[in-house]
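A.B. asks: one predicted model, sequence on top.
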Amino acid sequence: MIERKPRHAPRRATRHALLRGLFAAAVSAAGMTAAAQGGVAEVKLPAGALSQSLNALAQQTGTPILVEAGAAADKRAASLSGRMSAIDALRALLAGTGLVAEERQGALVVRPAPAPVSTLDAVTVTGSRPIEEAWGPAPGWVAARSATGAKTDTSILENPQSVSVVTRREMDARNAQTVTEAIQYTPGVSVDQLGMDNQVEWISLRGFSSSSFYLDGLRLGPIWQTEPYGLERVEVLRGPASVLYGDSTPGGLTGMVSKRPSAERAGEVQLQAGNQDRLQGAVDLTGPVGETDTWLYRVVALRRDSNTAVDHVKNDRTFLAPSLTWQPRAATQLTLMTQYQRDEIGFLPQYLPADGTLHANPNGSVPRSRYVGEPDRENYRRDQTGLGYSLSHRFNDTVSLQQNARYARVHQAFDTVTGNGLLPDRRTLQRRLYDADQTSYDITVDTALTSRFATGPLAHTLLTGLDYSRQRYDSVNWICQTAECAPPIDLFAPVYGQAIQRPDTPVTDALQHQERFGLYVQDQIRLGRWAYTVGGRWDRVRQRMMDRLSDSTTRSTDNAFTARVGAAYLIDNGVTPYASYTESFQPSADLIYPGTQAKPTTGRQFEVGVKYAPTGSESFAGIALFDVAQRNVSTTDPVNPGFVVQSAETRVRGVELEGKLTLSQQFSLLASYTYTDAEYKRSNDSHQGNQVNLTPRSQASAWADYTFTGTLAGLSAGVGVRHVGKRFGDQANTIALASYTLVDAALRYDLGKLGGAWRDASLALNANNLLDKDYVGICLSQTRCYFGAPRTVMATLSYRW
């Protein structure tokens with residue numbers, strides 16, 4: 001942005017001012033490919049001083065902007081976001097400032113308008129996407145921005161790594177009842193890692209088992225499970241992410257954003273009923289407290305009473321999540337977020353044998369509903385509480401602070417009996433007692449400063465931060481595999497009521513402390529159409545394990561530095577090629593002979609791809625090619641029992657395709673395909689060269705959603721297909737699992753078309769596994785197989801206002 005002399009100044013002075021302005025604009029655009037005013041660029045401008053917003057706009061679009069002297073002084077600009085031409089962006093930015101924009105000889109000129117306008121509301125440009133924030137709701141099926149991939153509000157196009165976002169609209173349309181169900185149409189994600197398990201989320205990302213789940217930017221503990229009705233969006237970052245989040249697997253992580261208070265009064269009440277005796281009610285209320293927007297509230301609640309596909313196993317839940325936002329001024333916002341959840345469920349993984357599930361058994365086939373425990377002691381209760389806040393403060397137009405913190409406590413206790421392998425008659429099932437009492441305490445704080453500034457032609461978004469977490473995990477487990485503890489049962493004609501005897505002494509009784517500390521720096525640099533991302537992080541992880549049975553304590557400290565570098569090139573037509581390199585690390589609790597602490601496993605990834613977001617369309621498509629390697633992988637020491645060696649390496653290469661297309665106001669299409677070549681590249685055992693277990697070479701999914709018009713107005717329908725290819729259940733590749741294809745469907749009707757009291761009501765009918773495909777999701781061994789979920793049908797009556 002260059003100042004220009006007033007019109008009444010002498011012609012020579014005016015000419016000199018214009019020459020100086022054009023020269024300065026040319027210098028500021030050096031090295032950039034200037035965008036013509038008719039071209040489009042990704043524009044993201046926060047509210048602030050108009051002069052700084054004009055400077056940032058010139059840098060982001062590569063277009064010279066001349067301003068008459070003093071015209072922008074003491075004026076402020078509203079926020080602006082979207083893909084648009086330079087002239088459209090400038091005119092939108094000047095709305096309400098009393099200034100106007102003109103095109104003149106290849107430059108844009110800003111001068112006073114004949115009649116000033118007084119409104120200074122945030123602007124949404126016609127023809128561009130609605131303004132979207134990465135920590136809030138996304139309009140429709142397609143999100144344009146994400147915070148999971150960069151910890152800043154960043155366009156998905158500018159992030160040089162694969163990020164997929166499941167919006168609230170998509171979760172509602174598919175009636176996702178778990179986080180796993182929410183992301184099961186996402187490329188690179190493998191579900192059914194423990195079949196119909198309802199205890200925690202078990203997924204695999206790019207061939208690596210991933211337990212890295214984050215809620216509102218903060219890590220969750222090992223036994224926490226998130227209720228999806230309380231979420232605004234779910235995001236999957238694929239590939240190593242240690243540079244921002246610390247220790248994690250190379251496959252990536254799942255980030256979730258909670259529903260937060262809104263300044264717009266709104267509400268929803270839901271009633272749901274389905275097979276498996278399911279009854280569920282939910283409510284979501286939000287709006288200002290009083291007549292101003294200084295205080296905002298939100299209350300999300302849910303109650304469910306349900307059985308499951310397995311006999312004698314229930315799935316009940318109570319969930320309450322109130323939150324409160326205080327915004328004393330435009331630059332400061334504090335949101336308090338709390339939640340309580342109680343689950344009274346059962347143990348769905350029955351540990352069934354492969355003989356009778358995966359393979360034929362002369363005694364018959366084991367039904368999916370088979371329960372092999374004891375109904376009178378099938379108890380599983382989990383109580384989890386979270387209390388946290390999100391604080392943001394803008395010191396000025398350059399520097400802002402973001403701090404997220406949470407205290408979480410989860411206690412779960414269960415008493416169950418599972419299968420433990422067939423006797424030679426191939427009918428009598430040995431059983432195993434498994435009781436546990438586990439409690440996790442977590443304190444997590446993440447503090448970051450974001451600075452937006454320019455150095456010559458470079459526009460920077462510099463993120464500097466530190467995060468700290470402390471976890472205490474207290475676990476007592478009783479496991480007994482003898483007939484005295486858990487007598488055998490007839491797998492094909494079970495008779496319940498046998499005496500179960502828990503041992504007096506647990507198998508494990510341990511208290512684990514883990515402390516994480518990380519310092520990270522990231523610079524997102526814009527240079528014309530180029531968007532660069534460079535980052536580094538230093539981590540220290542301390543662990544202390546107290547074994548109360550042996551009265552011993554082990555300690556370990558791991559330090560690691562990880563890095564990320566990437567670049568994306570934003571073309572006017574919405575096509576963005578990109579490339580990146582990222583790293584990860586993960587501490588190990590193993591010991592190397594004669595007792596040395598094992599080194600952390602390390603991961604690295606090379607990724608190249610192309611993303612496409614057509615201008616003016618709520619659509620997104622992408623293709624990614626990736627190469628991931630995990631090194632320092634532990635395998636059993638063949639010479640020294642009880643110890644490991646770290647000579648193994650896992651290598652995963654593949655390609656992912658994703659499309660989320662809004663083809664018209666009536667028709668939306670989601671599609672994905674993943675090809676994964678996952679191999680145990682190096683190993684000191686017989687697994688070398690084998691395919692990584694639980695990882696299919698190919699998987700695909702598609703969901704089509706259509707809203708009818710005319711005589712069928714108010715009716716909409718969706719149909720989805722999920723295909724999972726062949727895979728192996730064990731590392732030795734001796735247990736082959738067949739491919740399967742599932743069909744999902746939805747039918748919805750806007751009852752408002754009926755008029756009267758139905759004005760804000762809707763009715764939906766959803767079915768997962770519509771054709772009731774009978775399949776084995778996972779077999780980890782010959783004695784541990786899990787069925788996939790059978791057909792589930794749910795009807796939902798919703799009232800929104």
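C.D. replies: Perfect, I can see it now. Note that the structure is a prediction, hence the values are computed from the model and not measured.

A.B. asks: switch to C-alpha atoms for all contacts and neighbour counts from now on
C.D. replies: Fine.

A.B. asks: for residue 641, give its distance to residue 592.
C.D. replies: 10 Å (CA to CA, to the nearest Å).

A.B. asks: looking at these two now, which is surrounded by more residues?
C.D. replies: Between residue 641 and residue 592, residue 592 has the larger neighbour count (other CA atoms under 10 Å), namely 18 against 9.

A.B. asks: give me every residue that touches the more buried one.
C.D. replies: 598, 643-645 (CA atoms under 8 Å, 6 or more residues apart in numbering).

A.B. asks: beta partners for it?
C.D. replies: Judged by DSSP bridges, the bridge partners of residue 592 are residue 596.

A.B. asks: tell me the spacing between it and residue 172.
C.D. replies: Distance from residue 592 to residue 172, by CA to CA: 49 Å.

A.B. asks: ok, of the contacts of residue 592, which one's closest to residue 477?
C.D. replies: Using CA to CA, residue 643 comes nearest to residue 477 of the contacts of residue 592, at 22.9 Å.

A.B. asks: and that closest one, what does it touch?
C.D. replies: Going by CA under 8 Å, 6+ apart, residue 643 touches 590-595, 636-637.

A.B. asks: closest to residue 109 out of the residues you listed?
C.D. replies: For those, the minimum distance to residue 109 (CA to CA) is 65.9 Å, reached by residue 590.

A.B. asks: what residue ranges in the stretch 451-600 of the chain score low on pLDDT?
C.D. replies: For the stretch 451-600 of the chain, applying pLDDT under 70 flags no range at all.

A.B. asks: residues in contact with stretch 731-745: which ones?
C.D. replies: With CA under 8 Å, 6+ apart as the test, stretch 731-745 has contacts from 174, 358, 686-687, 690-693, 717-729, 766-771, 773, 775-782.

A.B. asks: for residue 720, helix, strand, or coil?
C.D. replies: Secondary structure, DSSP: H, G, I helix; E, B strand; the rest coil: residue 720 is strand.

A.B. asks: count of neighbours near it?
C.D. replies: So residue 720, with other CA under 10 Å, has 22 neighbours.

A.B. asks: so what pairs up with it in the strands?
C.D. replies: Bridge pairing for residue 720 - DSSP bridges - gives residue 703, residue 744.

A.B. asks: hang on, the earlier thing: which ones among the contacts of stretch 731-745 lie within helices?
C.D. replies: Of the positions in those, residue 174 sit in helices, assigned by DSSP state H.

A.B. asks: if any of the contacts of stretch 731-745 are buried, give me the ChimeraX selection for them.
C.D. replies: Buried residues among these (16 or more other CA atoms under 10 Å), as a ChimeraX selection:
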select :174,358,687,690,691,692,693,717,718,719,720,721,722,723,724,725,726,727,728,729,766,767,768,769,770,775,776,777,778,779,780,781,782
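
A.B. asks: look up how far residue 770 lies from the nearest residue to residue 279 once chain neighbours are set aside.
C.D. replies: Nearest residue to residue 279, sequence neighbours excluded (CA to CA, 6 or more residues apart in numbering): residue 273, at 4.6 Å. From residue 273 over to residue 770 the distance is 17 Å, taken as CA to CA.

A.B. asks: cool, and residue 175?
C.D. replies: Distance from residue 175 to residue 770, by CA to CA: 14 Å.

A.B. asks: pLDDT below threshold where in the chain?
C.D. replies: In the chain, residues with pLDDT under 70: 1-40, 47-48, 68-70, 73-74, 96, 104-107, 114-131, 193-195.

A.B. asks: show me the domain layout of it.
C.D. replies: The record's domain parsing of the chain by automatic domain parsing lists 2-112, 266-800.

A.B. asks: of these, which approaches residue 162 most closely?
C.D. replies: Across those, residue 162 has its closest neighbour in domain 266-800 (7.2 Å, CA to CA).

A.B. asks: drop anything exposed from the contacts of residue 643.
C.D. replies: Burial by neighbour count, 16+ other CA under 10 Å: within the contacts of residue 643 this picks out 590-593, 636-637.

A.B. asks: in JSON lines, list those residues along with distance to residue 661.
C.D. replies: Shown next, in JSON lines, are those (distance: CA to CA, whole Å):
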{"residue": "590", "distance to residue 661": "47"}
{"residue": "591", "distance to residue 661": "50"}
{"residue": "592", "distance to residue 661": "51"}
{"residue": "593", "distance to residue 661": "55"}
{"residue": "636", "distance to residue 661": "48"}
{"residue": "637", "distance to residue 661": "51"}
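
A.B. asks: in the helix or strand residue 706 falls within, what counts as buried?
C.D. replies: Taking DSSP states H and E as the criterion, residue 706 maps to strand 698-707. Neighbour counts using 16+ other CA under 10 Å place 698-707 of strand 698-707 among the buried residues.

A.B. asks: quote the end-to-end distance of stretch 309-316.
C.D. replies: Taking CA to CA as the criterion, the two ends of stretch 309-316 lie 14 Å apart.
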